[in-house]
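Asks: need the 3D shape of this:
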Amino acid sequence: MAGVAPLPAALLGGLLFLAAVLLHEGVNRRRAVREIQAALSEAREEAEELKRRLVASEKSAAEIRAVMDRAEGWNSDQMVAEMHTLQSLLERLAERSRSRRQVKSDGPLGDRIRTAAPAALAKSLSNEEIFEIMQKGLEQNRVDLYLQPVVSLPERKVRFYETFSRIRNDQGNVILPEQYLSVAAEQGLLTDIDNMLLFRCVQLIRRAQIDKLAVGFFCNLASESLNDNDFFPQFIEFMRANVALADNLVFELAQSAIKNPDIERNLKPLARLGFTFSLDKVSDLSFNFAGLAKRGFRFLKVPSAVLRDRGNYEDLPFHIDDYKNAVNRAGLQLIAEKVEEEREVIDLLDLGIDLGQGFLFGEPRPSREVSS
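Replies: Next comes the predicted model:
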C-alpha cells in the first residue's frame, strides 16, 4: 500500500486473512446447525406418525378382542390357549414324521444306504428263470448287500442293521430271498450266496470300524452253510483272520437250525473266537435262555405277532409281562421283528420291548459302498 510502512502493512494483511477465515468458519457452522435442526424436525414428525399408528393399532386390537369376548362359548384367552395346544400338536406330529424319515435314511450309515431300491421281479418267474438269474448273478458279481435297521423303542434310534442279499438280473432288477431261497437250496447255491453276503458284510463292518461307528450287524447264515463240510472249515479260517470284527458282527440263525446237533457243534469254534449269535424266525417261545446264552447267543428275535399273542405264553413258567425280563436275566436281548404298524409299537412297549425291526422302521435298502 502506498504510504504504509512494510511491517504494518503485513500485519494488516494477516488480520484481514484471519477475519476471512473466521467468517467462512462461522458460515459453515451456521449451515450445519440449520441441517441438524431440519433433521431433528423431520425425526420428530416421524415419531409423531409412528405414535399415531400405534394408537390406531391398539384401538383396533381392543375392538377385535371385545368382539371375540362377546362371542358365545369362547374368548380371546381361550383361543390363544387352543392355538398353543394346536401348535404343540403340530410340532409333535412334525417331529414324529421327521423321526420316521430319519430312521429310514439317517442313522450311523445314513449316507451309505441308497434311498431307493431296484424294482423286484415278478413272483411268477419259473424256477428255471430264477436259477439262471442266480447263476449269472454269482458269476458276474451281482449279489448285493441290503441293510434293514433295528431300532431302539420308543426313540427309534438305529442300533443295528440286519444284512440281506438280493440278486440282480441283466436289467438291474432283483429277485428276493423268498423267490430264490428254495431254488438255491435245491441247486446247492445257498453256501455260495452266504459266502458272497459274508464277504460284503465284512467289507462294510471294516469301514464302520474305521469310522468308529457304534453300530452292530446281523449276518444271516443258512443251516446248509453251517452244515457244509467243504465250506465251514474255510469259513472258520476266514473269521479267524477277521476276529477283530467280533464286537460288531452277530451271526443269525433260524430257530429250526439249532435243533440240528451238527450245526450246534459247528457254532462252538465261532463262539471261541468271540463271535456271538442271534436266533430268529422264532415260533416256540419255550427256551432254556441260560442254555442259549452259554452257547454264545446274545439276541432273540421274535415276530411282533407272536409276542403280542397272549395265547403263546400259556405254557411258560412265568407271566407274559415277565417274558422280556426273563430273557434279559439270561444275558439275552429281545428284539421284536416284523413290526409293520404303529399300533403294534404300543403293545410292544406295554410288554417292555425296547428293540424293534420291521417295515415300519425301514425296509431293506441297498448299501452304497458295497453294491457293485
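Asks: for D280, give me phi and psi.
Replies: Per-residue torsions, D280: phi -130, psi -170 (degrees, to the nearest 10).
Asks: can you tell me the closest non-neighbouring residue to it?
Replies: Closest residue to D280 apart from its sequence neighbours, by CB to CB, 6 or more residues apart in numbering: K301 at 3.9 Å. C-beta: built from backbone N, CA, C; applies to glycine.
Asks: what lies in contact with the helix or strand hosting the one you found?
Replies: When secondary structure is defined by DSSP states H and E, K301 falls within strand 297-303. Outside strand 297-303, the residues within contact range by CB atoms under 8 Å, 6 or more residues apart in numbering are 218, 250, 252, 276-283, 285, 287, 289, 292, 327, 331-338, 357.
Asks: now the helices for the stretch 101-250 of the chain?
Replies: 127-139, 177-187, 190-210, 223-226, 231-241 (DSSP state H, counting those that start in this stretch).
Asks: report the buried residues of the strand holding K301.
Replies: By 16 or more other CB atoms under 10 Å, the buried positions in strand 297-303 come out as 297-303.
Asks: and the next helix or strand after that strand, how far out from the chain's middle?
Replies: Using DSSP H and E, the helix or strand that directly follows strand 297-303 along the chain is helix 304-308. The chain centroid and the centroid of helix 304-308 are separated by 24 Å, computed with CA atoms, centre = their mean, to the nearest Å.
Asks: ok, back up a step: and of the helices of the stretch 101-250 of the chain, who's closest to L54?
Replies: Evaluated with CB to CB, the helices of the stretch 101-250 of the chain place helix 190-210 nearest to L54, the distance being 60.8 Å.
Asks: for the nearest residue to K157 once chain neighbours are set aside, name its beta-bridge partners.
Replies: Nearest residue to K157 in three dimensions, chain neighbours excluded: V151, at 6.1 Å (CB to CB, 6+ apart). For V151, the beta-bridge partners under DSSP bridges are V158, G356.
Asks: thinking again about what came up before, tell me the pLDDT of the residue nearest to D280.
Replies: pLDDT, K301: 96.
Asks: how close does it get to V143?
Replies: Distance of K301 to V143, given as CB to CB, to the nearest Å: 23 Å.
Asks: got any ranges where this protein has weak pLDDT?
Replies: Applying pLDDT under 70 to the chain flags the ranges 1-29, 31-33, 35, 39, 56-122, 312, 317-318, 320, 369-372.
Asks: tell me how it divides into domains.
Replies: 1-72, 120-366 (automatic domain parsing).
Asks: who does the helix or strand harbouring E252 pair up with?
Replies: Per DSSP H and E: E252 is located in strand 249-254. Its sheet considered, strand 249-254 pairs with strand 216-220 (parallel), strand 276-280 (parallel) by DSSP bridges.
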